[in-house]
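A predicted structure for the sequence below; I have some questions about it.
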Amino acid sequence: MEMLWEVVGWTGAAAMLGAFMSVSMGWLKPGISFQVVNLFGACAFIINGMLHQAWPSVATNIAWFLISSIAILRMRAKQQQPLAAPVEVKEFTTTDTGTQVVVPVAKCA
């Protein structure tokens, strides 16, 4: 069982370093995928750190986990918001020249 937790810790380390390297090299954009890998890595380090009673590492990775969780929630909330307010278009025809004018009017909630 001890070996399992060691593998978990090393897998978390590889995941976090791989994600950091991918973003740093421009292979991956810092988005939800990056944050999910960080979340997984932090969980793995928390488990491994608790087993080894490495409390500074546990505390740091709890903070890392919370930061990644908040970032994911904010990204998801941002994706669910409408990008722009609906715009109503009104057309008018002038009487003196007969030209048609299109006027966009923003709707406010």
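Yep, that arrived.

Figure out how far the helix ranked longest in the chain is from the centre of its chain.
For the chain, the helix with the greatest residue count under DSSP state H is helix 55-80. Chain-centre distance of helix 55-80: 9 Å, with CA atoms, centre = their mean, to the nearest Å.

again, but for stretch 44-57
Centre to centre, stretch against its chain (CA atoms, centre = their mean), the figure for stretch 44-57 is 25 Å.

Where does the prediction get shaky in this protein?
For the chain, the stretches flagged by pLDDT under 70 are 82-109.

mind listing the helices for it?
Counting by DSSP H, the helices of the chain are 2-24, 32-51, 55-80.

Next, the buried residues of stretch 5-18.
8-9, 12, 15-16 (16 or more other CB atoms under 10 Å). Backbone N, C-alpha and C define where each C-beta goes, glycine included.

now could you export just the CA positions of it as PDB?
Below are the C-alpha coordinates for stretch 5-18, written out as PDB (Å, rounded to 0.1, in the frame of the first residue of the first chain):
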ATOM      1  CA  TRP A   5       0.900   6.300  -2.300                       C
ATOM      2  CA  GLU A   6       4.400   6.800  -3.600                       C
ATOM      3  CA  VAL A   7       3.200   6.300  -7.100                       C
ATOM      4  CA  VAL A   8       0.300   8.700  -6.500                       C
ATOM      5  CA  GLY A   9       2.800  11.300  -5.300                       C
ATOM      6  CA  TRP A  10       5.100  10.900  -8.200                       C
ATOM      7  CA  THR A  11       2.200  10.900 -10.700                       C
ATOM      8  CA  GLY A  12       1.000  14.200  -9.200                       C
ATOM      9  CA  ALA A  13       4.400  15.700  -9.500                       C
ATOM     10  CA  ALA A  14       4.700  14.600 -13.100                       C
ATOM     11  CA  ALA A  15       1.200  16.000 -13.900                       C
ATOM     12  CA  MET A  16       1.900  19.400 -12.300                       C
ATOM     13  CA  LEU A  17       5.400  19.700 -13.900                       C
ATOM     14  CA  GLY A  18       4.000  18.600 -17.200                       C
END
